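Enquirer: sequence and predicted structure, then a few things I'm wondering about:
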Amino acid sequence: IAGAVLQALVERGYDGMTIEYVARLAGVGRATLYRRWSTKTAMVVDALGRSRFAALEDPNSGDPRADFESLLGILQATAEREHDIIRALAIETARHPEIGIALRRDLIPQRKDVLIGVLQRAATAGLLRATSDLELQARLGPALIWEQFATSAKEPDPDLPRRITDLVFANPRGPARRRE
């Protein structure tokens, strides 16, 4: 069902994504959809979380920098794979603010909390350029990745997760720098 919801969103947009159309794509009755979701917005957000935009897992490898970059890589791979959905969401959240509100309430917090947890470990270890406003830093990577796929016609930058990580963390990867 989740795949049918997202397919309908991409093909027809939020306004054209009728319960009847989603039910037909999913091969279920309309009553199945009405029983499971009270609103179309709830159906879209749940479909995103259940299928292609799964919750993030904190790798907690002992290297917060590598963990942060890895998580951004996962987000970028998801956005690259699901760029049609990203573009549809960019359009539909502008047209229907309730979608953005639901995403910020029901989908984004878990993912942001994982990134904040990694940044908290990095701050404790003295690895960040700035230790204030970890929430803003956690939002930075996903926002730049979202922008790349929602608005750009260029090929995605495979090095973007590392470049974002370099902005957030104090010492870029590479040869150690000597202070004289």
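Expert: Alright, I've got the coordinates. Numbers count the residues shown, from 1 in each chain.
Enquirer: flag the shaky bits of this protein, pLDDT-wise.
Expert: 172-180 (pLDDT under 70).
Enquirer: other residues contacting the helix or strand harbouring A31?
Expert: Using DSSP states H and E, A31 maps to helix 30-36. Applying C-beta atoms under 8 Å, 6 or more residues apart in numbering, the contact partners of helix 30-36 are 1, 19-20, 22-23, 26, 43, 46. For every residue, glycine as well, the C-beta is placed using N, CA and C.
Enquirer: hmm, try it at 7 Å
Expert: Under the criterion C-beta atoms under 7 Å, 6 or more residues apart in numbering, residues 19-20, 22-23, 43 lie in contact with helix 30-36.
Enquirer: next: stretch 144-158.
Expert: Residues from elsewhere that reach stretch 144-158 (C-beta under 7 Å, 6+ apart): 72, 75-76, 79-80, 83, 86-87, 90, 160, 164.
Enquirer: which parts of the protein are helices?
Expert: Ranges of helices in the chain, per DSSP state H, are 2-16, 19-26, 30-36, 40-50, 64-81, 83-95, 97-106, 108-124, 134-151, 160-168.
Enquirer: of the contacts of helix 30-36, which pair is most distant in space?
Expert: For those, the farthest-apart pair by C-beta to C-beta is E20 and M43; their separation is 13.0 Å.
Enquirer: circling back: by neighbours, which of the contacts of helix 30-36 wins?
Expert: Highest neighbour count within the contacts of helix 30-36: V22, with 26 neighbours (other C-beta atoms under 10 Å).
Enquirer: how about JSON lines for the contacts of stretch 144-158, with neighbour count and distance to S152 added?
Expert: Shown next, in JSON lines, are the contacts of stretch 144-158 (neighbours: other C-beta atoms under 10 Å; distance: C-beta to C-beta, whole Å):
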{"residue": "L72", "neighbour count": "23", "distance to S152": "17"}
{"residue": "L75", "neighbour count": "22", "distance to S152": "16"}
{"residue": "Q76", "neighbour count": "23", "distance to S152": "13"}
{"residue": "A79", "neighbour count": "21", "distance to S152": "11"}
{"residue": "E80", "neighbour count": "15", "distance to S152": "12"}
{"residue": "H83", "neighbour count": "15", "distance to S152": "10"}
{"residue": "I86", "neighbour count": "21", "distance to S152": "11"}
{"residue": "R87", "neighbour count": "14", "distance to S152": "10"}
{"residue": "A90", "neighbour count": "15", "distance to S152": "11"}
{"residue": "L160", "neighbour count": "18", "distance to S152": "11"}
{"residue": "I164", "neighbour count": "23", "distance to S152": "15"}
